[in-house]
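Peer 1: Predicted coordinates and the sequence they were generated for:
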Amino acid sequence: MNYRAFILLSLCLSVSTIGSANDHKPGPPNQQTTPPTNGNLVEILVHHLYETAQLEKYHLDENVLRYAFTGYLNLRGRGQILDKGILTVIDFSRPSTQKRMWIINVVKQKLLLYTYVAHGVNSGANLATEFSNVPESFKSSLGFYVTAETYEGKHGLSLALDGAEPTINCKARERAIVLHGSDYVSAQHILSKGRLGRSQGCPAVPMDIKDKIIKLIKHRTALFIYYPDENYLRKSTYLNNAFSGLTQ
């Protein structure tokens, strides 16, 4: 599949009818769960993107990408994000000692950035296992976000996030969940403490590249935080096989 074909298929998929929110059955909460495929074009696009961008080399699970890309198409089909081709994936099933944030240009089929990201202090130590939408919980929230405006805060340049999913992350603004940089997100901190530091629920990134990250993903692009949580996978209206009617 060439670049032009990928764009045409993506545009075709983006205007398709949104399907049922319960078209998949999540597996046990502590293992990667395979999203629905059904031989549709989403599956073809995801596999082509995965191989072309060499994402296996950078340790992104293809199943996680499939979830993220399906949600990206749903967000774009609903007009919630701008058509910039930018998709950010965070996989909190991986420990904080491993890089677990990927910024991908899905149209150019290219990995733009691969780095560390911190989770909330009450979500876990090295591994995040608990998530919440409750103010003052100091836990990370799962699901799809739409990046918003930038601002100067106590961490310098930061990026506001709008949670797209009711009951899952919709209180991101109220909780001041933003993307910001921090000195506790670094390989040096891992060497000294055995893990990254933790935030109050924000996806915190390395201070030395935060401006680059924010510039790449600001202003209405899709950001997806994954964990194989059965409750989330069952509830999310963005993870359904939205485009199963379009077969090869």
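Peer 2: In hand now; what should we look at?
Peer 1: number of nearby residues for residue 103?
Peer 2: 20 (other C-beta atoms under 10 Å). Bear in mind the C-beta positions are built from the backbone N, C-alpha and C, glycine included.
Peer 1: and it, how far is that from residue 173?
Peer 2: 22 Å (C-beta to C-beta, to the nearest Å).
Peer 1: and if you look at residue 231?
Peer 2: On the measure of C-beta to C-beta, residue 231 and residue 173 end up 22 Å apart.
Peer 1: Listing request: residues of the chain with sub-threshold pLDDT.
Peer 2: 1-39, 241-248 (pLDDT under 70).
Peer 1: 80 - rerun?
Peer 2: Applying pLDDT under 80 to the chain flags residues 1-40, 240-248.
Peer 1: longest helix in the chain, by residue count?
Peer 2: helix 62-77 (DSSP state H).
Peer 1: just checking, what packs against whatever helix or strand comes next after it?
Peer 2: Under the assignment DSSP states H and E, the closest C-terminal helix or strand after helix 62-77 is strand 86-91. With contacts taken as 3 or more C-beta pairs under 8 Å, 6 or more residues apart in numbering; DSSP states H and E, strand 86-91 sits against helix 62-77, strand 101-105, helix 210-217, strand 222-226.
Peer 1: right, and residue 66 touches residue 45 too?
Peer 2: No: the pair residue 66 / residue 45 is not scored as a contact, 9.5 Å apart, by C-beta atoms under 8 Å.
Peer 1: mind listing what residue 120 touches?
Peer 2: Residues near residue 120 by C-beta atoms under 8 Å, 6 or more residues apart in numbering: 128, 137, 138, 139, 140, 198, 199, 200, 201, 202.
Peer 1: Kindly report the same for residue 172.
Peer 2: Counting by C-beta under 8 Å, 6+ apart, residue 172 touches 141, 145, 161, 162, 163.
Peer 1: Would you double-check that it falls in a helix?
Peer 2: No: counting by DSSP: H, G, I helix; E, B strand; the rest coil, residue 172 is not part of a helix but coil.
Peer 1: any idea how far it lies from residue 135?
Peer 2: Distance from residue 172 to residue 135, by C-beta to C-beta: 10 Å.
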